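Asker: Next come a sequence and a model predicted from it.
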Amino acid sequence: MTRLRGRLFVLQVLVVALLVVLVVRLWQVQMVQGKQFVAVATETRTREVRVPALRGAILDSTGRPLVRNVPSLVVSIDPARFERMPDGGDSVLRKLSAVLGVQFQALKLRIRPCGPGISKPCWPGSPYQPTPVADHVTSRQALQILERQEDFPGVTAEIQAIRNYPHGKDAAQLLGYLQPVTKEELERREGLKASYSGVDLMGRDGLEAEYDAELRGQPGVRRVQVDRMGKTIAVQQQAAPTPGNLLITSIDAKVQGIVEKAVSDAMRDNPQADSAAGVVLDVKTGRVIAMASRPTYDPAVWTGGIAEKDYQHLLSDKSGKPLVSRVIKGTYAPGSTFKISSVAAMVADGQPLNGTYQCPSAYNVEGRAFPNAGGMSLGAISLHTALVKSCDTVFYRAGYEEWLRDGGKKAKSHVKEPMANMARSFGFGKRTGVDLPGESAGLIPNRAWKRDLWNATKDQMCRRAKTGYPEIEDQARAAFSKRLANENCLEGYMLHAYEAANFSIGQGDVQVTPLQLARAYAALVGDGKLRSPRLGWALVKPDGTLVKEIPVPVVGKLPINDETRNYIRRALSEVTSDGTAAGAFAGFPMGVVKIGGKTGTAEVFGKADTSWFASFAPADNPRFVAVVMVSQGGFGASAAAPAVRQIWEGIFGLGKGDDGKATKAALPDGKPAGRLPVIRPDGTVSR
């Protein structure tokens, strides 16, 4: 009996203890943590959905679309929903594969998240956002999915706006492309989550990247109530997205097409050429009228996700890296087109503008003969003739003598370096600041640069001086490289006389981009001011309201007077009639529009010459500058100059088409668009 009472007592104590624990826990849940659990419960019933904004179109200077949005049926899957399925969604993907006519494995690859060691195709966006697996699906395919949702859980088919390129490959590099915002970017950048809908795309290159914030717009927000299965019950709150602004550019689509064809034809007519670039600038404003690069690609390849083979093609050396814009990222020795800077430096350093200069067939620099192009000897000539006929020996002498005045191999404590400093004043050796990402700075070598390079590479050079270059199969080239390494090891900190001579004609280590050269010529033949080129002209709301006009900054002024600038311009105006480009412009109607310019032929070790032609028109009162570069194109007069002629014929309507008929002028009045196109409230354009 006593034992039974003891057991009952223990049981009573246990029950009381459990009741106390229960009461305490209820008090803790309801009173202490009540608000927290209410918030959590509310969160599980409410979902915030961000609605993507319509991305703004990119227009040319007359309102013609360069990039626009077109509606398309897009099929997407919800990765989070698939992860909760026992088989990871494979059974649904197999059914979807049959509907879309796409292999199951291909769909599987598209939805896997990108990461280290994962090759494309893969999904570079956040795993918490819908993953598109097919665009441009038919209405029949979409209905099969929507009407049988029980067979396709986590799969949606809806109309979305996708990027469309009316001009195909034209302007691919300057326009850029879009890719999804990655999870890492959303987590790394404060405030980015509020700016993106989660299914938005981000500009990755070109104008799409430069003006991404303005083009993107603001996503809308929709708060919905859902049941425990995630099905929407009701919409609590809804705010419509704000469409992105339209970007009006200074690009003229017709001129762009002309430049595209000109550089393509230059590549076709010179089979050894591996790349080319062309650019047209407005001399008066500094705005870019056209910009083309070869090799190129179709930007539509990015739409809906890019395949691995296409991605590798864009980046491979074998294909010429078509993703890279040669206009702003490619750097090359400019050859004789650089002589405008050298003449300006000679005059600024005290040599007479109207003096007489000797043009022998070769000039001796410390025992080494530097020959004139083709062994030409013109005797006593002016700087005017030196530019027209492109006499190298006049410039070799000037570069060498300036090097001597700075102390030669034993440099003075304070060197003048007039040619290098003048080149920088022309904008070479630094970025132009154009409104495109990834621009190269080029290179203007001087004594300080040479010493810095030596300090950075002397250990490697001294090692190569001993081991040589056994990996180079060409024995002559390997031997030359070894001798060069030995020289750089012993005295690589010195600026040699031959380097100064080469510098004077835009050879050696001098590197410029086609855009830098075009800008320099625009400053020379214009008002002397150096501008930072702009492609963007204005940002406009979809209803036509002007948001802002994009100015072109003046970033410098050429340190030469108007007399010198006009002297050089008049000399260049005779290059196409009496100088090195006379053959390329034979028969051109100079009486209608006179063209000025300068050829350039730059030697490249182990490759064919780089062909250049920098020009301007009309020669007496320049409005445009056009520059073409053809890598491994040979002489400037044989590859680049004919391409520039083709551009001028197209702009002014002075050529003939493939049918033999006269072509219409891309710019009938010889001027670019003078005012912004009018965007009507309904989004249509009035030109």
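Answerer: On my side now, so go ahead. Numbers count the residues shown, from 1 in each chain.
Asker: which SSE is L8 in?
Answerer: Element membership for L8 (DSSP states H and E) is helix 2-27.
Asker: pretty sure A369 is touching P360, no?
Answerer: No. Counting by Cβ atoms under 8 Å, A369 sits too far from P360 to count as a contact (10.1 Å). In this view, the C-beta of every residue, glycine as well, is placed from N, C-alpha and C.
Asker: So which of those two has more stuff around it?
Answerer: P360 (17 against 10; other Cβ atoms under 10 Å).
Asker: Sketch out the low-pLDDT regions of the stretch 301-450 of the chain for me.
Answerer: Counting by pLDDT under 70, the stretch 301-450 of the chain has low-confidence residues at 304-305.
Asker: Any stretches of the stretch 51-200 of the chain with poor pLDDT?
Answerer: Along the stretch 51-200 of the chain, segments meeting pLDDT under 70 span 51, 125-129, 182-200.
Asker: and with 90 instead?
Answerer: Applying pLDDT under 90 to the stretch 51-200 of the chain picks out residues 51-54, 70-163, 178-200.
Asker: Show me where it has its helices.
Answerer: Ranges of helices in the stretch 51-200 of the chain, per DSSP state H, counting those that start in this stretch, are 79-83, 90-100, 104-111, 139-146, 172-175, 183-188, 192-195.
Asker: which residues does E402 contact?
Answerer: Counting by Cβ atoms under 8 Å, 6 or more residues apart in numbering, E402 touches A345, D349, K416, E417, P418, M419, A500.
Asker: Quick one: buried ones out of those?
Answerer: When the contacts of E402 are checked for burial by 16 or more other Cβ atoms under 10 Å, the buried set is A345, D349, E417, P418, M419, A500.
Asker: Tell me the secondary structure of the last one, please.
Answerer: I take that to be A500. Recorded secondary structure, A500: helix (DSSP: H, G, I helix; E, B strand; the rest coil).
Asker: how near is it to A571?
Answerer: To A571, A500 is 23 Å away according to Cβ to Cβ, to the nearest Å.
Asker: Please point out which parts of the strand ranked longest in the chain sit buried.
Answerer: Criterion DSSP state E: the longest strand present in the chain is strand 65-77. Neighbour-count burial for strand 65-77 flags P65, L66, V67, R68, N69, S72, L73, V74, V75, S76, I77 (criterion: 16+ other Cβ under 10 Å).
Asker: Among these, find me the one that's closest to V221.
Answerer: S76 (19.6 Å; Cβ to Cβ).
Asker: which residues touch I111?
Answerer: I77, P79, F82, L93, W123, T131, V133.
Asker: what about H496, neighbour count?
Answerer: Under the neighbour criterion other Cβ under 10 Å, H496 is assigned a count of 18.
Asker: All the helices of the stretch 501-650 of the chain, residue numbers only.
Answerer: Assignment of helices within the stretch 501-650 of the chain using DSSP H, counting those that start in this stretch yields the ranges 514-525, 562-572, 575-578, 640-652.
Asker: Redo those as TSV? Include distance to P437.
Answerer: Converted to TSV, the helices of the stretch 501-650 of the chain look like this (distance: least, Cβ to Cβ, whole Å):
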stretch	distance to P437
helix 514-525	14
helix 562-572	32
helix 575-578	35
helix 640-652	26
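Asker: would you turn those into CSV with mean neighbour count, mean pLDDT and distance to T599?
Answerer: As requested, the helices of the stretch 501-650 of the chain are exported to CSV (neighbours: other Cβ atoms under 10 Å; pLDDT from 0 to 100; distance: least, Cβ to Cβ, whole Å):
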stretch, mean neighbour count, mean pLDDT, distance to T599
helix 514-525, 28, 98, 12
helix 562-572, 19, 98, 10
helix 575-578, 22, 97, 7
helix 640-652, 26, 98, 6
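Asker: L387: which of those is closest?
Answerer: Nearest to L387 among the helices of the stretch 501-650 of the chain is helix 562-572 (4.1 Å), distances taken as Cβ to Cβ.
Asker: same for the closest one, what does it pack against?
Answerer: Contacts defined by 3 or more Cβ pairs under 8 Å, 6 or more residues apart in numbering; DSSP states H and E place helix 562-572 against helix 339-348, helix 383-388, helix 514-525, strand 596-602.
Asker: so how far is that helix off the chain centroid?
Answerer: Centroid separation for helix 562-572 versus its chain: 33 Å, with Cα atoms, centre = their mean, to the nearest Å.
Asker: got it, and stretch 405-424?
Answerer: On Cα atoms, centre = their mean, the centre of stretch 405-424 falls 34 Å from the chain's centre.
Asker: List the buried residues for it?
Answerer: Result for stretch 405-424 [16+ other Cβ under 10 Å]: buried residues D406, G408, A411, V415, E417, P418, M419, A420, N421, M422, A423.
Asker: Just the C-alpha atoms of it, please, in CSV.
Answerer: In CSV, the C-alpha atoms belonging to stretch 405-424 read as follows (Å, rounded to 0.1, in the frame of the first residue of the first chain):
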residue,chain,number,x,y,z
ARG,A,405,69.5,66.8,-76.7
ASP,A,406,68.0,64.8,-73.8
GLY,A,407,71.3,63.2,-73.2
GLY,A,408,71.2,60.1,-75.4
LYS,A,409,71.9,56.9,-73.5
LYS,A,410,73.0,59.0,-70.4
ALA,A,411,69.8,60.9,-69.9
LYS,A,412,69.8,64.4,-68.3
SER,A,413,68.2,64.8,-64.9
HIS,A,414,65.4,66.8,-66.5
VAL,A,415,64.5,65.5,-70.0
LYS,A,416,62.2,67.4,-72.4
GLU,A,417,61.0,64.4,-74.4
PRO,A,418,59.0,66.7,-76.8
MET,A,419,57.7,63.9,-79.0
ALA,A,420,56.4,61.8,-76.2
ASN,A,421,54.8,64.8,-74.4
MET,A,422,53.2,66.1,-77.6
ALA,A,423,51.7,62.6,-78.2
ARG,A,424,50.1,62.6,-74.8
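Asker: I would like the residues contacting that stretch, please.
Answerer: Identification of contacts with stretch 405-424 by Cβ under 8 Å, 6+ apart yields 338, 341-342, 344-346, 348-349, 398-399, 402, 429-430, 444-447, 494-497, 500, 503-504, 510, 559.
Asker: Put the buried members of these into a PyMOL selection.
Answerer: Only the buried entries of the contacts of stretch 405-424 go into this PyMOL selection, using 16+ other Cβ under 10 Å:
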select buried, resi 338+341+342+344+345+346+348+349+398+399+402+429+444+445+446+447+494+495+496+497+500+503+504+510
